[in-house]
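Colleague: structural data only, the sequence is not supplied:
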């Protein structure tokens, strides 16, 4: 995947992926439970800085990937702002009712959505999926059959896309024409579903047979090709993230800039 | 010289894909073979006659109503080649058409391709079998990791040109 290839590897790429997942999940939960706009905004600022300064990807690519989250921000915030409840009404028209409380609550939800986006992109752009599953197996005792199943399914995704392309070309060359409207959609679905499904089932079966042959169902301890360990930098990473969230909280406490608490 | 080749899909070109299942469209061997002739408004009795011929020559007389997916890998491959040969087209592209065939069927497919070539069909075939290349190819393109690395005339191609010159 070219999209996920960084311009240069940074320290975030070196962090143990399983530990990174755990820390990022904790940060997501904190973001989820945040009810203060200032705190949410400071979190967003720090996560955005983390993504743009420490992910090792070009600013242009990051802007391209993060821009759609602005639409998500607008949609989630506006839904809450326009239809939320509250006592201090600012404006109403038909079923639309904007109150002070709904406005700030909408902004909090929007900012939280952006926080999720920034954290998610940072994680995806600095973590190799294969190493993540190896880390989960070695550090968090995830049973190998599940981890390798996920790895295999990740590896199969490009193959499914390739099958789709080949099928499209085959249908084109054999001159298949479709009806208009719903019938055409059904015909397309029928033409694609069976061969793609058949190929996927065959591949899955081959993977299952290979995994059984390698004794993945036995549950015994295994050796690993990739060894993932926790180093000192992982401790620093955890401390840094804890520091970041504490700093965001303190900044929200001492330098509030958005008005009332929701 | 940079030339662009304009090809009318389906009318001028037939393609045999590496994975035969990806090009099957219908639920029976008969319908699979009859698909393109029907699109070109052949008479149904002509289609039946041609299907009969093709099934015989490709050793596919295993029941015309069988689903193509229920055939063996070798039979599927022969069926995919057979659908491409149901009607004559100027260009035929084949991706390993003899893969999974026994010697008899390999020879039969190559003989049919050879006949088509002498009748004027341009045939481009991908194969790893150098015996086939030596015996049947006029020109050989060597491809490595998606890049064309060499073009050469095969011994057979040179012999043919010598014969033509004489």
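Modeller: Now that the structure is in, tell me what you want to look at. Small disclaimer: the values here were computed from a predicted structure and weren't measured.

Colleague: residues contacting residue A:133?
Modeller: A:142, A:147-148, A:150-151 (Cβ atoms under 8 Å, 6 or more residues apart in numbering or on different chains). No exception for glycine: its C-beta is placed from N, CA and C like everyone else's.

Colleague: right, and residue A:211 touches residue A:147 too?
Modeller: No: the criterion here is Cβ atoms under 8 Å, and residue A:211 misses it with residue A:147 at 11.0 Å.

Colleague: please identify which helix or strand holds the most centrally placed residue in chain A.
Modeller: The residue lying closest to the centre of chain A (Cα atoms, centre = their mean) is residue A:120, at 4.1 Å. Assigning secondary structure by DSSP states H and E places residue A:120 in helix A:100-126.

Colleague: doesn't residue B:92 belong to a strand?
Modeller: Yes: counting by DSSP: H, G, I helix; E, B strand; the rest coil, residue B:92 is located in a strand.

Colleague: which residues of chain B fall in helices?
Modeller: B:29-39, B:44-57, B:73-85, B:103-118, B:130-136, B:155-165 (DSSP state H).

Colleague: list the buried residues of the fifth one.
Modeller: Neighbour-count burial for helix B:130-136 flags B:132, B:136 (criterion: 16 or more other Cβ atoms under 10 Å in any protein chain shown).

Colleague: about what we covered before: now distance to residue A:44 and mean pLDDT too, for the helices of chain B, in CSV please.
Modeller: Shown next, in CSV, are these (distance: least, Cβ to Cβ, whole Å; pLDDT from 0 to 100):
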stretch, distance to residue A:44, mean pLDDT
helix B:29-39, 57, 93
helix B:44-57, 67, 93
helix B:73-85, 56, 93
helix B:103-118, 64, 89
helix B:130-136, 62, 85
helix B:155-165, 68, 50
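
Colleague: pipe those into a markdown table and attach distance to chain A per row.
Modeller: Converted to a markdown table, these look like this (distance: least, Cβ to the nearest Cβ, whole Å):
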| stretch | distance to chain A |
| --- | --- |
| helix B:29-39 | 6 |
| helix B:44-57 | 16 |
| helix B:73-85 | 8 |
| helix B:103-118 | 17 |
| helix B:130-136 | 23 |
| helix B:155-165 | 27 |
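
Colleague: just after whatever helix or strand residue A:188 lives in, pick out the following helix or strand.
Modeller: According to DSSP H and E, residue A:188 maps onto helix A:181-213. Heading C-terminal from helix A:181-213, the first helix or strand you meet, by DSSP H and E, is helix A:232-254.
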